[in-house]
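J.: return atomic coordinates for the entry below.
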Amino acid sequence: MNKHLKKSMPTLIQHISEKHGFEVKEPLILECGKSLRDLRIQFNTYGRLNNEKSNVVWVFHALTANSNPLEWWPGLIGEDDLINPNDYFIICANMLGSCYGSTEPENFEFPLITVRDMVNAHKLLKEHLGLNKISIGIGGSMGGQQLLEWATQEPELFETIIPLATNAKHSPWGIAFNETQRIAIKHASNPDEGLEVARAIAMLSYRNQETYEATQKDVDDRINDFSASSYQRYQGQKLSNRFSPFSYYYLSKAMDSHNVGINKNGLVNALNRIKSRAIVIGIESDILFPIHEQKFIFDHIPDSIFYPLQSLYGHDGFLIETEQISSILKKELQ
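T.: Numbering: from 1, shown residues only. Take a look at the predicted model:
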C-alpha cells in the first residue's frame, strides 16, 4: 500500500507544481450513515490561480490513478498540452478511499463509501481553497462519475464540464465486472494475489477483442506461453505492485453506487438541472461504458454537445486518444 501523505499546506496556493495534504477535523458523515474521522485529502495543484479565481480546472481521476494527472494524462494535461499551467490553475484530488494519500481502508472493515461521499470530500477541499466557481471540470470513467454527481448537486458551479467514457448510473454489466473482481480479491489466499486476478479480469473490459487481436496475437504456431497470457499476468502484477487491494475493493463498490438520480427525482431530472456547458465524449469501441451511456448524458443536459471517438483501445481510449480529445477541446474551449 502507498503511504505518501504530506500534511503541510499553504493557505493560498501560488506555487507552480505542488503536492498537498489537507486534513479535516470534523467527521465526514457518509451516505451509509457511518462517519469517517480525521479525514485526509491528498491533492496536487499545477499553475497559478489568477486574481479573479477564474482559471480553475478540476481534474477527476479514475479508479486506480492518483492526484497527479501529469503522470497519467500526458498529451492532454501538461506544460505543452492543451490544459496547461500557463493558462490554468489545475487541481486534482485523490479520491476518498484511494491509497495515494487520502483516507483509505487498511482491511475489509472499512465503511461503505459512495461517489456522493467522494464529492462531499471534494466540496470540503473547494471551500478550503476559497473557490466559488470552477471554469472546467474534466474526468473520464469513475472520474466522470464524480464530475457528473457534483454538477447535478451544484448545477452552476462549473462553467464547462467534460465527462468522458462515463455514465449517469452504473450499469448491471459494470457492476457484474466489479463484483467478479471483488470475489477474486476476497477469496484469494491473500488480497494482493486477488488483486492480480482482479486486474486481469478488468483488462478484458478496458480493452476489447479487437485490441487483443491487434496487440497480443502470436504469429507463430505455439501451443503454450501465449502473448495474451503473459500480458494478463503482467498487468495483474503491475497493479498489485503499486495499489492496495482494499482500496480497489471499496472503490469498485463506490463505482457501483453511482446514480446521479438519487434524491433528484431520477436520472433525467438530475441531468436537466445542470447549467454548465457540457462537452460529452464517448468511445465507439468501449464495452465497459458503451457509447449509448454518453449519448444519454448528452440527450438530457440542456447545453451539451456530443463527440464520439474512434479508438482501437476501447474504454482505455479516454486515456490514450489525447490527440483526438485535444483537437475537440481546442475547438470547443475557444
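J.: stretch 30-44 spans what distance, first to last residue?
T.: 24 Å (C-alpha to C-alpha, to the nearest Å).
J.: cool, and stretch 71-87?
T.: 19 Å.
J.: please state the offset of that stretch from the chain centre?
T.: Chain-centre distance of stretch 71-87: 17 Å, with C-alpha atoms, centre = their mean, to the nearest Å.
J.: all strands for the stretch 1-150 of the chain, in order.
T.: Ranges of strands in the stretch 1-150 of the chain, per DSSP state E, counting those that start in this stretch, are 17-24, 28-29, 35-36, 39-46, 56-60, 89-93, 134-140.
J.: in CSV, list those along with distance to Lys295.
T.: (C-beta placed from N, C-alpha, C; glycine too.) What follows is the strands of the stretch 1-150 of the chain, written out as CSV (distance: least, C-beta to C-beta, whole Å):
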stretch, distance to Lys295
strand 17-24, 37
strand 28-29, 34
strand 35-36, 36
strand 39-46, 32
strand 56-60, 21
strand 89-93, 27
strand 134-140, 16
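J.: lowest-confidence helix or strand of the chain?
T.: When the helices and strands of the chain are scored by mean pLDDT, DSSP states H and E, strand 17-24 comes last with a mean of 90.
J.: how close does Lys253 get to Glu18?
T.: Counting by C-beta to C-beta, to the nearest Å, the gap from Lys253 to Glu18 is 31 Å.
J.: my guess is His170 contacts Gly261. True?
T.: No: using C-beta atoms under 8 Å, His170 makes no contact with Gly261, being 11.7 Å away.
J.: could I get stretch 306-313 in CSV with only the CA atoms?
T.: Extracted in CSV, the C-alpha atoms of stretch 306-313 (Å, rounded to 0.1, in the frame of the first residue of the first chain):
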residue,chain,number,x,y,z
PHE,A,306,-21.5,15.1,-28.1
TYR,A,307,-18.4,13.7,-29.8
PRO,A,308,-17.8,10.0,-30.5
LEU,A,309,-14.2,8.9,-30.7
GLN,A,310,-12.7,6.1,-32.8
SER,A,311,-10.2,4.0,-30.9
LEU,A,312,-8.6,0.6,-31.0
TYR,A,313,-8.3,0.6,-27.2
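J.: now do that stretch: distance to the chain's middle.
T.: Using C-alpha atoms, centre = their mean, the offset of stretch 306-313 from its chain centre is 18 Å.
J.: now that stretch: buried residues?
T.: Neighbour counts over stretch 306-313 (16 or more other C-beta atoms under 10 Å) mark 306-307, 309, 311-313 as buried.
J.: before we move on, the earlier item: more neighbours: His170 and Gly261, which one.
T.: Neighbour count, other C-beta atoms under 10 Å: between His170 and Gly261, His170 has more, with 21 against 15.
J.: phi, psi for that one please.
T.: Here is the backbone geometry of His170 (degrees, to the nearest 10): phi -70, psi 140.
J.: what's the spacing between it and Gln42?
T.: His170 is 25 Å from Gln42, by C-beta to C-beta.
J.: buried residues in stretch 34-43?
T.: For stretch 34-43, the buried set under the neighbour-count rule, 16+ other C-beta under 10 Å, comprises 36, 39-43.
J.: redo those as TSV? Include pLDDT.
T.: Output for the buried residues of stretch 34-43, formatted as TSV (pLDDT from 0 to 100):
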residue	pLDDT
Leu36	97
Leu39	97
Arg40	97
Ile41	98
Gln42	97
Phe43	98
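J.: with these in mind, which one is nearest to Phe110?
T.: Nearest to Phe110 among the buried residues of stretch 34-43: Leu36, at 9.0 Å, using C-beta to C-beta.
J.: do I have it right that that closest one meets Leu28?
T.: Yes: between Leu36 and Leu28 a contact is recorded at 4.7 Å, counting by C-beta under 8 Å.
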